[in-house]
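Undergrad: Show me how the following folds:
(one chain, ligands or ions: 1)
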Amino acid sequence: MQYALHLRARDLSLLHIHAENCLPLESVALLFGVIEEHLVVVKRIECVRNESDKAATSFYVNPEEEYQLLIDAEARGEELVGIFHSHPAAPMPSSSDLDNMRLNPVVWLIASKTSGAWSSKGFVLDDAAVEIPITIIADVN
Ligand SMILES: [Zn+2]
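TA: Take a look at the predicted model:
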């Protein structure tokens, strides 16, 4: 069965604003929520700093910051369901993304502005990266 991502329109807008604000560097955010069967529901986003020393083409999240966010999420009954980052290029997983997808088997949401406006694509790693459908939710908890 195929995975699908549910994301609030407001959260997607905030992610794209975060991506714009981080230019010319890649932006990063962690997506928290719940997974029901193969439906990945994002309930909360946390924009974080990109601490990579090559932040124009890669990203790195401070492990202590990530750990604290994971602890907070667990207390809310949520889990890390996705990782968002933006690309200077097309919204396809890079070779280093594919390596990191193996280590972090959550939904990878990648934003790009190559078409003029920000848009995002979601991927999960099977044998290769597989694009999954994203449903934008108007205002649901
Ligand atoms: Zn990437």
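Undergrad: okay, CA-based contacts and neighbour counts for the rest of this
TA: OK.
Undergrad: residues touching L30, list them.
TA: Listed by Cα atoms under 8 Å, 6 or more residues apart in numbering, the contact set of L30 reads 45-48, 80, 82-84.
Undergrad: Show me which residues of whichever strand or helix holds it are buried.
TA: In this structure, L30 is located in strand 28-36 according to DSSP states H and E. For strand 28-36, burial by neighbour count (16 or more other Cα atoms under 10 Å) applies to 28-35.
Undergrad: Tell me the one among those nearest to T114.
TA: V28 (17.7 Å; Cα to Cα).
Undergrad: excluding its backbone neighbours, what's nearest the closest one?
TA: With Cα to Cα, 6 or more residues apart in numbering as the criterion, V28 has its nearest non-adjacent residue at 4.4 Å, and that residue is H85.
Undergrad: what's near enough to touch the residue nearest the centre of the chain?
TA: Compute the mean C-alpha point of the chain, and by Cα atoms, centre = their mean the closest residue is F84, 1.9 Å away. Applying Cα under 8 Å, 6+ apart to F84 gives the contacts 15, 27-31, 108-111.
Undergrad: returning to that earlier point: could you tell me which strands the strand holding L30 is paired with, and in which direction each runs?
TA: strand 39-48 (antiparallel), strand 79-87 (antiparallel) (DSSP bridges).
Undergrad: that older thread, kindly provide the distance from the residue nearest to the centre of the chain to S58.
TA: With distances taken as Cα to Cα, to the nearest Å, F84 is found 12 Å from S58.
Undergrad: that older thread, give the rounded mean pLDDT of the strand holding L30.
TA: On average, the pLDDT along strand 28-36 is 97.
Undergrad: Now do it: distance to the chain's middle.
TA: How far strand 28-36 lies from its chain's middle: 8 Å, per Cα atoms, centre = their mean, to the nearest Å.
Undergrad: Using CSV, write out every CA atom in it.
TA: C-alpha atoms of strand 28-36 as CSV (Å, rounded to 0.1, in the frame of the first residue of the first chain):
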residue,chain,number,x,y,z
VAL,A,28,15.1,22.7,7.3
ALA,A,29,12.0,21.8,9.4
LEU,A,30,10.9,18.8,11.3
LEU,A,31,7.3,17.5,10.8
PHE,A,32,5.5,16.0,13.8
GLY,A,33,2.3,14.1,13.8
VAL,A,34,0.8,10.6,13.7
ILE,A,35,0.9,7.7,11.2
GLU,A,36,-2.4,5.8,10.7
